[in-house]
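> My questions concern the predicted model and sequence given below.
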Amino acid sequence: MAHRWRGIALGVTLVAAAGGYAALPSQSAIASTGVILGHVPTAPAPTSATIVIGKDAADHGYKTKVVTISQGASLTVVNEDNIEHTVTSVGLGSNSLPLFDHFAHPGSTSSIPGASKLAPGRYQFYCRFHPSVMRGTLIVEKVAGGGGGTHPVKLSYDQPLKLPKVLTGSHLTIPVKRAQVRVLPHGPKTWMWTYDGSYPGPTIRRPAGKDTTVTFVNKLPKSAGAITVHLHGDHHPWQDDGQPDRFLIHHGDRRTYDYPLTDAGKPEPEAFDWYHDHRMNRTARNNWMGLQGMFIVTDKAERQLRLPGGRYDVPLLFSDRSFTKTNQLTNPFKGRSPSMTGKTGPAAPPGDGVVGKQVLVDGRFAPYLNVSTHRYRLRLLNASPFETYDFALSDGRPFVQIGTGDDLLPRPVIRQDILLGPSQRADVIVDFHDELHQKVLLQTISKPNGAPVGVGSPTASLMQFRVNRAVTDHSRIPSRLEKPPPLKAPKKISMTWTIGLGGNATTGTYWTINGKPFNPHRVDVEVPLGSTESWLIKNDSPVTHFIHLHEEQWHTIKVDGKRPPPWNRTLEDTWRIDPGGSVEVAATFTDYTGVFMLHCHMLVHEDDGMMAQFAVVDPHTHKLPRGYHLANKANSTHGMKMSMTMPMSGGAGGGPTSSTTWARAAIRSSRALALELSALTMILGWRRYRRDGISAI
Ligand code: C2O
Ligand code: CU
């Protein structure tokens, strides 16, 4: 018990140290006011208070970063901003949900249920939509004659972590079907859409270079529609890539995907990949419903490193969901018409976020894992539809990162915390040697990244390690791991992808790449097979995105115009790009011609237009597969106000510019764009989640 509290306190310290948010000095000011009040001989009248959310709160945080009420008094929130925010407590009630979790609609004043029932104490709160900067503290003061009240309840870890079963065969068959699975520790099981009856689906584990086929059989209810499976991070033919709108698996049908696990005739590097549904317009829903699983590729060089293996190699898939009172998944997608080219109303971009209230680890809420005094290789995968997690350990010890999802790093990197957005992975070692009889929590902590409207992460404990067995450890962490395959990246950028927000409140808004929402028939650039190219991806939109490139494992050449941080110095497939930020990547296009995607991996963004395609073509014929056309570059501002108002939102061929000037211009114009969007589309915020139960399953 004590350790949990130590953990939580430490989490808070890290937050304060990293963020340095302005609350700390005023907290002590208020505390001393409390002391003075304590000397007043008669009981003071109960003090109520108001949390004020000012204009542009997403940039500046709550106006009132510290508020004080006396026990039993009411707490009000005024939202002066034009988008939705929440006041959500970090502390949990006995139902494992926040003590208060209140939505403040734009322009409204409302009182926060639950606040008047709180016991005296300090309560951290944050906004679910903007956890990066919107953080505050509520102080509930004791009143004379007062007592009782609701205390935060420590999260109890009531169920063991359950690793999905492991499949190692070269020809696998996986039925895709509805099944009841144990997700929450108490009460009914949860109906989900599953790969082979479990959530996550079976973990596939295969040696690099060994051809693997997986046959998926669509046994889902007919109303689920056709499905398509993408092996994320892997290099394989385009027909086996989980195309969003062709090569589909219709209800009752099956399809065999071929994964050679090679690149240019050589075995691929070791990898922590994952497979998931990729159906156009339905990717977020189908993943939410459960169509996700892990795929580990092992290689020879890695085996010689003597990294922790076997039971000490633990893949962890994190993903948030919300549940009804009967433990069923809510349906945040109800009433969202599938449309890549424009939505109006509260869930229109940029208000299309979907955030679940509970984070699951390998499909279970708040699990524990019995471990021994040994090094563990934890493979962390953020499979959430939208949310970012900043992983940290409660005992303050760092992770030793040894890889991304796509390859090992050249050498280990010590990291105090690891921020992973949707579909990003980190391969880390955690050492429990001197932790016998301790309990260590894996948490997500809040660490603002300093970028305007940059990404934020919630504060929550995710799982518990119970160190209860002493063993000897023969594993090691070598100081040199694996060099990524060599590549000479061309200096010249041959393609620039600019991500943004388009449309308007009347015709609808959508997310864009080079000014356009996704069109399954359009290809934006042709790449000759065998060529090596450097591409620039930049963010002209007002929010952070996580951009994923299919087809190859990519070298990260530059991040925001600079040499990438040490943990990016190997292969990668998904990058965080903050507003005004950019990444430069390079790869050689080997083995396969065909059409491949790039898109934001915040699944709702992908479903709302932020996706595009490139084609790898025969260098002589330049022939596209039937049914595709090459984008008409002259027409690239089609339907798009933004590319005209945006400086330097260069389409194909635009080169890099001075990154700081460009970043400033981009942020300014994103703001200008945001102002152009009417209050209607802005009205419900950047991110949202809803509560109705799923009816279609
Ligand atoms: Cu993980 Cu195109 O997807
Ligand atoms: Cu996005």
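In hand now; what should we look at? Ligands and ions are numbered 1, 2, ... in the order given.

> tell me which element Ile429 falls in.
strand 425-431 (DSSP states H and E).

> That strand: what's the following helix or strand?
Next element after strand 425-431 (DSSP H and E): strand 439-444.

> about what we covered before: if you count contacts, what does the strand holding Ile429 end up packed against?
Packing partners of strand 425-431 (3 or more Cβ pairs under 8 Å, 6 or more residues apart in numbering; DSSP states H and E): strand 271-277, strand 375-382, strand 399-403, strand 408-415, strand 418-420. Bear in mind the C-beta positions are built from the backbone N, C-alpha and C, glycine included.

> Excluding chain neighbours, give the residue nearest to Ala271 in space.
Val297 (4.2 Å; Cβ to Cβ, 6 or more residues apart in numbering).

> That neighbour contacts Thr262, doesn't it?
No. The criterion here is Cβ atoms under 8 Å, and Val297 misses it with Thr262 at 10.5 Å.

> Quick check: neighbours shared by those two?
Ala208, Glu268 (Cβ atoms under 8 Å, 6 or more residues apart in numbering).

> you'd agree the residue nearest to Ala271 is in a strand?
Yes. Per DSSP: H, G, I helix; E, B strand; the rest coil, Val297 lies within a strand segment.

> Pull the contacting residues for Val153.
Contacts of Val153 by Cβ under 8 Å, 6+ apart are Leu92, Gly93, Ser94, Ser96.

> Run a quick neighbour tally on the second one.
Gly93 is flanked by 17 other residues according to other Cβ atoms under 10 Å.

> Using the three-state scheme, assign Ala301.
Note that with three-state DSSP, the state of Ala301 is helix.

> now it, nearest residue through space, not along the chain?
Glu482 (5.4 Å).

> in the stretch 501-650 of the chain, which spans are strands?
508-513, 522-523, 525-528, 532-539, 545-549, 554-559, 571-572, 574-577, 582-588, 594-600, 611-617, 629-630 (DSSP state E, counting those that start in this stretch).

> Reformat these as JSON lines; add mean pLDDT.
Formatted as JSON lines, the strands of the stretch 501-650 of the chain follow (pLDDT from 0 to 100):
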{"stretch": "strand 508-513", "mean pLDDT": "94"}
{"stretch": "strand 522-523", "mean pLDDT": "98"}
{"stretch": "strand 525-528", "mean pLDDT": "97"}
{"stretch": "strand 532-539", "mean pLDDT": "98"}
{"stretch": "strand 545-549", "mean pLDDT": "97"}
{"stretch": "strand 554-559", "mean pLDDT": "98"}
{"stretch": "strand 571-572", "mean pLDDT": "98"}
{"stretch": "strand 574-577", "mean pLDDT": "97"}
{"stretch": "strand 582-588", "mean pLDDT": "98"}
{"stretch": "strand 594-600", "mean pLDDT": "98"}
{"stretch": "strand 611-617", "mean pLDDT": "98"}
{"stretch": "strand 629-630", "mean pLDDT": "96"}
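
> Of all those, which one is nearest Pro269?
strand 571-572 (6.5 Å; Cβ to Cβ).
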